[in-house]
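[1] okay, predicted coordinates and the sequence, questions at the end:
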2 protein chains.
Amino acid sequence: MTEPSTTFISRAGRLHAEGDATFLELARRVGLTLPSLCGGRGKCAKCTCRPQGPVTTPTPLERELLEQDELREGIRLACQARPLGAVTLTLEEETLEKGGYTEVAITPEPLVRKAYLELPVPALHDDLSDVERLEQTLGRNVRVGLEELRALPALLRQEGFRVTATLWDHGEAGDELLTIEGGDRREELYGIAFDIGTTTVVGYLIDLNTGRELARASRLNGQQPWGADVLSRASHALETATGVRDLQRAVVDTLNQIIQECCATVDPRHVYYATVVGNSLMHHLALGITPATIAVSPYLAVTREAVQLRATELGLALPNARVYFLPLIGAYVGADTLAVIMATGLDESAEIRLAVDIGTNGELALGSRGRILACSAPAGPAFEGAAIRHGMRATLGAIDRVRLQDDVQVWTIGDIPPRGICGSGLIDALDQMLKAGLVSPAGRLLPRPTLEGRLPAPLLTRLVEGDHGWEFVLSREPSLVITQGDVRQLQLAKGTILCGVRILMEELGVEPSQIAGVSLAGAFGNFVDKRSALGIGMLPSTIPAERIQGVGNAAGQGSRMTLLATSIRRRAEALARRVDYFELSKHPRFEDIFLESLAFPE
Amino acid sequence: MTEPSTTFISRAGRLHAEGDATFLELARRVGLTLPSLCGGRGKCAKCTCRPQGPVTTPTPLERELLEQDELREGIRLACQARPLGAVTLTLEEETLEKGGYTEVAITPEPLVRKAYLELPVPALHDDLSDVERLEQTLGRNVRVGLEELRALPALLRQEGFRVTATLWDHGEAGDELLTIEGGDRREELYGIAFDIGTTTVVGYLIDLNTGRELARASRLNGQQPWGADVLSRASHALETATGVRDLQRAVVDTLNQIIQECCATVDPRHVYYATVVGNSLMHHLALGITPATIAVSPYLAVTREAVQLRATELGLALPNARVYFLPLIGAYVGADTLAVIMATGLDESAEIRLAVDIGTNGELALGSRGRILACSAPAGPAFEGAAIRHGMRATLGAIDRVRLQDDVQVWTIGDIPPRGICGSGLIDALDQMLKAGLVSPAGRLLPRPTLEGRLPAPLLTRLVEGDHGWEFVLSREPSLVITQGDVRQLQLAKGTILCGVRILMEELGVEPSQIAGVSLAGAFGNFVDKRSALGIGMLPSTIPAERIQGVGNAAGQGSRMTLLATSIRRRAEALARRVDYFELSKHPRFEDIFLESLAFPE
């Protein structure tokens, strides 16, 4: 009989996983996260897939959650089904954030390491203490905390002085002993890189010996009940006595769910290091620091410096880990932007580069290994589908590509009937509507009578009058439309970003032609059609499309890089001091440039 | 009316205290601790004194606790009575450990300091975080822990950005913020130096701004129920599951009682730093580390290095303090000996010096600013009055001086009727008995018949036969005797110390004449008659008596020095590595020299 094995065909190419486990787990092992809300507990029925080849028979749970039709067509739940031989599985949407599989090309040299030690057994002629015995064998000073001092003598003697020490590197000051275990446990050395977004929180479990990603999990930020955007969260924190605590606990709960999911096959006691990036508000709230100073004029952080502490101090379920929060750039440009700058190499680039991170907030950085300017461009959540009539996040069933010719053609994530429109679909639609003349350069969705005779009939019939003016029907069944209000929301959002880019260029004294590359980071940035983005004027239209690149979750990538390499941690700290934090609204020509930026390209 | 003031006439000289307070409190202010068991709560009636001058009338408590006769003679309780004008008070026993008043001649430069800061108020043009605001005003990096980060923004704004920061100096790495308070609180900067003895624990409350001692308290080590000596304590720790925890809690309780007493007039939240010296076993037990490796061959410490931690980690009632345990020299030569070496200046001396610390254990150090050798000389607790028929500690009523001429003459502490004999009294008695021929050089208490005609009749009548041989009556009412057993105990104790001194001299290659000075540290060393100590052969008899000096509680003094000066902390750490730890019993001629050392000088 053939050994079970699975080949995943994904946007990231063909990835191969050996072994008997659920497809969800096997996907995880090769760095793919299937859509799942329940974390593989067989509750959400989101992880549907169609494996080709010999597989296990449907479980009672699958029979309950899937339709008879689906089961007949070979649709299965990835959290239940397992391969029985060589199986192929084609993925439509391989990760929630659709970042695909990325291998971090960094030689691991983390601050934490394990050393297997065969210590000399105490003899009558020697006068070394247990700690000195460790130090002598290691050839380094070792600082030992109270708990380890108490455990050390018994453990050393039980284990015949053959132990594995987990050590935190304090440079010239020597090492700090995090834990000590019997025998050779060097292989179990893990870290987790977190990216705390306002909407989504992602965690990457990394083998610190090899740099390999072992698991990845993402969850909606548990702070959602207190609002979708940072300002509603800040309001809750400021207006109620328990606000900061509520929000801190909510995000820590989310992090703990991610830890639990990532640690399905490893012991969380062997996770020794975690890194965290996030915008300034997420940073403060995760630490339980009031966001009052960020939210209220003159808008300042309580601290912008890197913060390191024991994971348990925050309530994280990592008993032996240290957590490192990367530094912030400013009150509205956080560690996430810092991470994007590092992940895209902007700070080491000889040429001028632009990084645009569009999440629930927008942040921009422009510069090179010389000067770097960064600012917040509060585009709002329109690109995430929020405040849009039929907007939705980029998950299964979202319209993510639109073409207008004689009629409308739409594509959805997962090739299933459309459920709504996600950011890349919205920008595509707007770009196509502008090109077709459905929307004027000033942003007016033109009424059908005006367009009569100028457009193919099928398109014209899609213009209908709604309660608040004209609407354009993208899908009839179900009915999904773009409203005048949607166009205005997108116009404000793209205008804000263009305004930010222009002001940064003016401050740095560069022309669009001098920008050697544009990195679009974040869930949205990775999947937006670059030409459509240029088409709606989100970026200066003279930037050639081929210079624009989607870079996926670059903030998460920066968090992973920091976890793996001490040099990158130093780079982050130096960078935070080096980047010039700039407030758009303080620029003397802000209003002027903002209004100019609202217009769509002619 | 004259302002109230009190002049204390003590062994330390005349000390003057201004102000209206109880005599107990006034004495404390000038560094004297009156005998008191209840800490001034008017319960123990131990703090009797006879103030001369205008004083308050007796309180109901005094009328209850003192006899009519006493009150008529002007005897008062120091914890109740207060001066009304210029008062003189002569003290018989000014401190429990009789160390007298010692001023530490050190310019305070502790690791912790307070800075009053008037921070620039945030303005629209500035982008400094609260932490950066602190750092900029201080001109140093400041590491801020989670708790302080959470408290900082509200406090700064409530206090109009005028605050006092308590800072721990981490050298080039900058400062660590321990606490932050509103307004100017620079004056409230205190530290406590502890000396944890096997028998007695002492604490000194020090004003870290001035170096002045504000209070001093001592308590019997709460580990007493588990035995008087280190080995019985170690046995308890090893033989029961909760042993280490029992002993740790007991000593922490003692430290907390001392903290409470010392902090009668200051808030323990303003104590930011504590130093601890103690022998290796006390060190391990206070930290909750098993003493198994010390107690069992090959007799090694778990750690000999300095340990610093938060006071709350140990359960100490000092919410904001860091506790620093000075390093150990070896498994049986602890931080107390290290402190004695520093307090006596042995490690900075150009000439060879000897330090002898006799507590429940004996420790010896011999050397100079060149090489230093240290060893344990386990003399046992005989010099503390333990294992001696009528032995007692050096407190009120103890015979502390004995002279034999035609008859016996004894002096007691406090000039009250004798209750027992303390170490210095025992050595005096033995020396006098040797000189009178009552005890042979081999240590035999000679029977009366042998001595008939060779001694004055009153002395002869003091030789009586007891159940276990001849006894010498020091006092008839109450009956206090020196037995043959007592002589043997003292002989073993003095022999152990002499043997240690001889072996160290041999190892270092020095003759008695080359020893420029001998420091006798500890409660006992301070009050022993040097000539008597030479007389019984506790030290090489060729050392001139004038080179021998009592130095009081030098271990406590070393703890205080470390508290006050960062340079002394560095000196301690370097010294711990530099001192050669030597085990007497490993010397090839140990038995030989020990037996030789047992004989009394002819």
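    Received it, and whenever you're ready, just let me know what you need. Residues are numbered from 1 along each chain as shown, chains lettered A, B, ... in the order given.

[2] please enumerate the helices of the stretch 101-250 of chain A.
    With DSSP state H, counting those that start in this stretch, the ranges of helices along the stretch 101-250 of chain A come out as A:130-138, A:146-158, A:230-239, A:243-262.

[3] among those helices, which gets the worst mean confidence?
    Of all the helices of the stretch 101-250 of chain A, mean pLDDT reaches its minimum on helix A:230-239 (a mean of 89).

[4] can you name every helix or strand that that one contacts?
    Packed against helix A:230-239, as judged by 3 or more CB pairs under 8 Å, 6 or more residues apart in numbering or on different chains; DSSP states H and E, are the following elements: helix A:243-262, helix A:280-287, helix A:292-295. All C-beta spots, glycine's among them, are computed from the backbone N, C-alpha and C.

[5] buried sites along that helix?
    Residues A:230, A:233-237 are the ones in helix A:230-239 that count as buried (16 or more other CB atoms under 10 Å in any protein chain shown).

[6] coming back round to it: out of the helices of the stretch 101-250 of chain A, the one nearest residue B:421 is which?
    Nearest to residue B:421 among those is helix A:146-158 (40.9 Å), distances taken as CB to CB.

[7] give me the angle between that closest one and helix B:280-287.
    On the basis of axes from the mean of the first three to the mean of the last three CA atoms, to 10 degrees, helix A:146-158 is oriented at 120 degrees to helix B:280-287.

[8] buried ones in helix A:146-158?
    For helix A:146-158, a neighbour-count test (16+ other CB under 10 Å) marks A:148-150, A:152-153, A:156 as buried.

[9] of these, list those near chain B.
    The subset of the buried residues of helix A:146-158 within reach of chain B, by CB under 8 Å from any CB of the partner chain, is A:149-150, A:152-153.

[10] is stretch A:498-517 in proximity to chain B?
    No. Judged by CB under 8 Å from any CB, stretch A:498-517 and chain B are separated, with a smallest distance of 14.9 Å.

[11] who touches that stretch?
    Contacts made with stretch A:498-517 from outside it, assessed by CB atoms under 8 Å, 6 or more residues apart in numbering or on different chains, are listed as A:349, A:351-354, A:356, A:362, A:364, A:366-367, A:371, A:373, A:375-377, A:537-540, A:542-543, A:547-549, A:582, A:584, A:587, A:589-590, A:593-594, A:596-597.

[12] kindly recompute the last result at 6 Å.
    A:351-354, A:364, A:366, A:373, A:375, A:377, A:537, A:540, A:542-543, A:547, A:584, A:587, A:593-594, A:597 (CB atoms under 6 Å, 6 or more residues apart in numbering or on different chains).

[13] in helices, which of those fall?
    Among the contacts of stretch A:498-517, the members falling in helices are A:593-594, A:597 (criterion: DSSP state H).

[14] switch these over to a markdown table; also include pLDDT and distance to chain B.
    Compiled in a markdown table, the ones in helices among the contacts of stretch A:498-517 are given as follows (pLDDT from 0 to 100; distance: CB to the nearest CB, whole Å):
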| residue | pLDDT | distance to chain B |
| --- | --- | --- |
| A:593 | 95 | 20 |
| A:594 | 95 | 19 |
| A:597 | 96 | 24 |
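
[15] hmm, back to that, need the buried ones from the contacts of stretch A:498-517 selected in PyMOL.
    Buried subset of the contacts of stretch A:498-517, written as a PyMOL selection, criterion 16+ other CB under 10 Å:
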select buried, chain A and resi 352+353+354+364+366+373+375+377+537+540+543+547+584+587+593+594+597
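
[16] from the contacts of stretch A:498-517, which land in strands?
    When DSSP state E is applied, these are split such that A:353-354, A:364, A:366, A:373, A:375 fall in strands.

[17] get me the contact residues on chain A for chain B.
    For chain A, the residues in contact with chain B (CB under 6 Å from any CB of the partner chain) are A:122, A:124, A:127, A:129-131, A:146, A:149-150, A:153, A:288-290, A:293, A:298, A:300-304, A:309, A:313, A:330, A:581.

[18] let's see it at 7 Å
    Residues of chain A that fall close to chain B, judged by CB under 7 Å from any CB of the partner chain: A:122-124, A:127-132, A:144, A:146, A:149-150, A:152-154, A:287-290, A:292-293, A:298, A:300-305, A:309, A:313, A:330, A:581.

[19] got the CA positions of stretch A:563-574 in PDB?
    The C-alpha coordinates for stretch A:563-574 follow below in PDB (Å, rounded to 0.1, in the frame of the first residue of the first chain):
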ATOM      1  CA  LEU A 563      12.200  36.600  15.600                       C
ATOM      2  CA  LEU A 564      14.900  34.800  13.600                       C
ATOM      3  CA  ALA A 565      17.800  37.200  13.600                       C
ATOM      4  CA  THR A 566      19.300  39.300  16.400                       C
ATOM      5  CA  SER A 567      20.800  41.600  13.700                       C
ATOM      6  CA  ILE A 568      17.300  42.400  12.500                       C
ATOM      7  CA  ARG A 569      16.200  43.300  16.000                       C
ATOM      8  CA  ARG A 570      19.000  45.800  16.200                       C
ATOM      9  CA  ARG A 571      18.100  47.000  12.800                       C
ATOM     10  CA  ALA A 572      14.500  47.600  13.900                       C
ATOM     11  CA  GLU A 573      15.600  49.600  16.900                       C
ATOM     12  CA  ALA A 574      17.900  51.800  14.900                       C
END
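
[20] hmm, who's touching that stretch?
    A:104, A:106, A:108-111, A:169, A:191, A:193, A:206, A:211, A:273, A:275, A:306, A:326-327, A:338, A:342, A:561-562 (CB atoms under 7 Å, 6 or more residues apart in numbering or on different chains).

[21] repeat that for 8 Å
    Under CB under 8 Å, 6+ apart, the answer for stretch A:563-574 is A:104, A:106-111, A:169, A:191-193, A:206, A:208, A:211, A:273-275, A:305-306, A:324, A:326-327, A:335, A:338-339, A:342, A:347, A:558, A:561-562.

[22] list the buried residues of it.
    Residues of stretch A:563-574 classed as buried: A:563-565, A:568-569, A:571-573 (neighbour count, 16+ other CB under 10 Å).

[23] and what of stretch A:343-353?
    Going by neighbour count (16+ other CB under 10 Å), the buried part of stretch A:343-353 is A:343-344, A:346-347, A:349, A:352-353.

[24] so how far is chain B from residue A:114?
    Separation of residue A:114 from chain B (CB to the nearest CB, to the nearest Å) stands at 21 Å.

[25] now that residue. Nearest residue, chain neighbours left out?
    residue A:186 (4.5 Å; CB to CB, 6 or more residues apart in numbering or on different chains).

[26] how near is that neighbour to chain B?
    For residue A:186 relative to chain B (CB to the nearest CB), the value is 24 Å.

[27] can you check the pLDDT for residue A:97?
    Reading off the per-residue confidence, residue A:97 sits at a pLDDT of 34.

[28] next one: the one 10 residues further on
    According to the model's per-residue confidence, residue A:107 sits at a pLDDT of 78.
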